[in-house]
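S.K.: Kindly generate the corresponding structure for this input.
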Amino acid sequence: MADRLLTAVSRDGRLRGRAATTSGLAQEVVRRHGAGPLAAASLVRAVSCAAVFPATWKDSERVSVQWSGRGLLGALMAEVRAGGRVRGFVKTPQGGAPSSGVRRLSLGHGLLPGGFVSVIRQNVSGAFSQSQVELASGEVDEDLEAFFAQSDQVPTRLRALCAFDDASLPVAASAVLVQALPDDDPPELISGEALEILDPSTSPETLLALALGPGHDVLAETPIAFTCMCSRDRMAAGIGLLELDELLDLINEDHGATVRCDYCGEVETFDREEVEQIMVDKVTSRREDQE
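M.R.: Reported below is the predicted structural model:
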């Protein structure tokens, strides 16, 4: 069954929720990065959190979340765009093994000690805004939950659920987010512990019923899928950002360039003549700008 996201609001108007199945997304992102046990579990949590990020797409173009620390993984990044397009990467794919938790894997040592969770929002006009808070626990979903409470001042409960086979490959994943809407007397949110014991294959309908109670209305359903926006043209444009002496080194020493996308792992090769053309275009553009 394809991954999907449900967006809902409680009928008393006090809570909003988002719940998604992310098993296919999890399997694809782990496969593309060849992630080891700790990186795989952390990466699945990250992209599952991105899938349920409460963005309003009529105002937003994309949302990127980065978890960075001094632990074994170094950094995680997950990005979501309108239409449920999600991608992510981990700086150190083979960094360590997860430690066992009582109800779920404990991932804090992958990022801690130190570090931040940062959220970058790009609106439809292209302008960026960024906020960050210190890592709360290194558990990825708990850190983003703390971000909403501290930076956005919105009481939030967020948990990403995942199960792995003996080869550390994800077999099921899901996520649920519930937030209190503005109220003089904010409602009590479901506990994180109540969500952590759920089966990762739990449907979005069941997750929302638990998080919001039976009295809620589903407002939208959106497909979720791994999608990377990289292309050969974008990679060529990236090469064009290099300084002229760096381009000359690629031409004369490397006889071309190889570019790998951090998010999807796709590799594009540019031969010497193609890099020469990129350099010519760069020089021509500079001259035109000076005239």
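S.K.: the longest strand in the protein is where?
M.R.: Ordering each strand of the chain by length in residues (DSSP state E) puts strand 170-180 first.
S.K.: Kindly export that strand (C-alpha atoms) in CSV.
M.R.: Only the C-alpha atoms of strand 170-180 are listed here, as CSV (Å, rounded to 0.1, in the frame of the first residue of the first chain):
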residue,chain,number,x,y,z
PRO,A,170,12.8,-0.9,7.7
VAL,A,171,9.8,-3.1,7.4
ALA,A,172,7.2,-0.6,8.7
ALA,A,173,7.2,3.1,9.6
SER,A,174,4.7,5.8,10.5
ALA,A,175,4.5,9.1,12.2
VAL,A,176,1.9,11.2,14.1
LEU,A,177,1.8,14.8,15.1
VAL,A,178,-0.8,16.5,17.3
GLN,A,179,-0.7,20.2,18.2
ALA,A,180,-2.9,22.4,20.5
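S.K.: Please point out which parts of it sit buried.
M.R.: Pro170, Ala172, Ala173, Ser174, Ala175, Val176, Leu177, Val178, Gln179, Ala180 (16 or more other CB atoms under 10 Å). To be clear about C-beta, it is placed using only N, CA and C from the backbone, and glycine gets the same treatment.
S.K.: So which elements touch that strand?
M.R.: strand 15-21, helix 23-33, helix 37-51, strand 156-164, helix 204-212 (3 or more CB pairs under 8 Å, 6 or more residues apart in numbering; DSSP states H and E).
S.K.: Which of these sits closest to Glu139?
M.R.: When these are compared by CB to CB, helix 37-51 sits nearest Glu139, at 7.7 Å.
S.K.: Distance from that closest one to the middle of the chain?
M.R.: 8 Å (CA atoms, centre = their mean, to the nearest Å).
S.K.: Please shift the residue numbers so they start at 8 in all later answers.
M.R.: Fine by me, first position is 8 from now on; the one you just mentioned is helix 44-58.
S.K.: could I get the helices and strands packed on strand 177-187 as JSON lines with distance to Phe277 and mean pLDDT?
M.R.: As requested, the helices and strands packed on strand 177-187 are arranged in JSON lines below (distance: least, CB to CB, whole Å; pLDDT from 0 to 100):
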{"stretch": "strand 22-28", "distance to Phe277": "37", "mean pLDDT": "97"}
{"stretch": "helix 30-40", "distance to Phe277": "22", "mean pLDDT": "96"}
{"stretch": "helix 44-58", "distance to Phe277": "29", "mean pLDDT": "96"}
{"stretch": "strand 163-171", "distance to Phe277": "37", "mean pLDDT": "96"}
{"stretch": "helix 211-219", "distance to Phe277": "43", "mean pLDDT": "96"}
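S.K.: Glu141: how many residues sit nearby?
M.R.: For Glu141, the count of nearby residues is 13 (other CB atoms under 10 Å).
S.K.: where's it relative to Leu249, distance?
M.R.: 35 Å (CB to CB, to the nearest Å).
S.K.: do Leu214 as well
M.R.: From Leu214 to Leu249 the distance is 46 Å (CB to CB).
S.K.: more crowded one of these two?
M.R.: More crowded of Leu214 and Leu249, by other CB under 10 Å: Leu214, with 27 against 17.
S.K.: Return the most buried member of the helices and strands packed on strand 177-187.
M.R.: For the helices and strands packed on strand 177-187, the largest average neighbour count (mean count of other CB atoms under 10 Å) is found in helix 44-58, namely a mean of 28.
S.K.: Check which helix or strand Asp206 maps to.
M.R.: Under the criterion DSSP states H and E, no helix or strand holds Asp206.
S.K.: Any idea what the most centrally placed residue in the chain is bridged to?
M.R.: Nearest to the geometric centre of the chain sits Ala85, at 1.7 Å (CA atoms, centre = their mean). As for beta bridges, Ala85 partners with Val72, Gly95 under DSSP bridges.
S.K.: State the pLDDT value of it.
M.R.: Looking at Ala85, its pLDDT is 98.
S.K.: Tell me the gap between stretch 31-38 and the middle of its chain.
M.R.: That offset, for stretch 31-38, works out to 12 Å (CA atoms, centre = their mean).
S.K.: typo on my end, stretch 250-265
M.R.: Offset of stretch 250-265 from its chain centre (CA atoms, centre = their mean): 33 Å.
S.K.: what do you get for stretch 119-133?
M.R.: Here the centre of stretch 119-133 is set off from its chain's centre by 10 Å, with CA atoms, centre = their mean.
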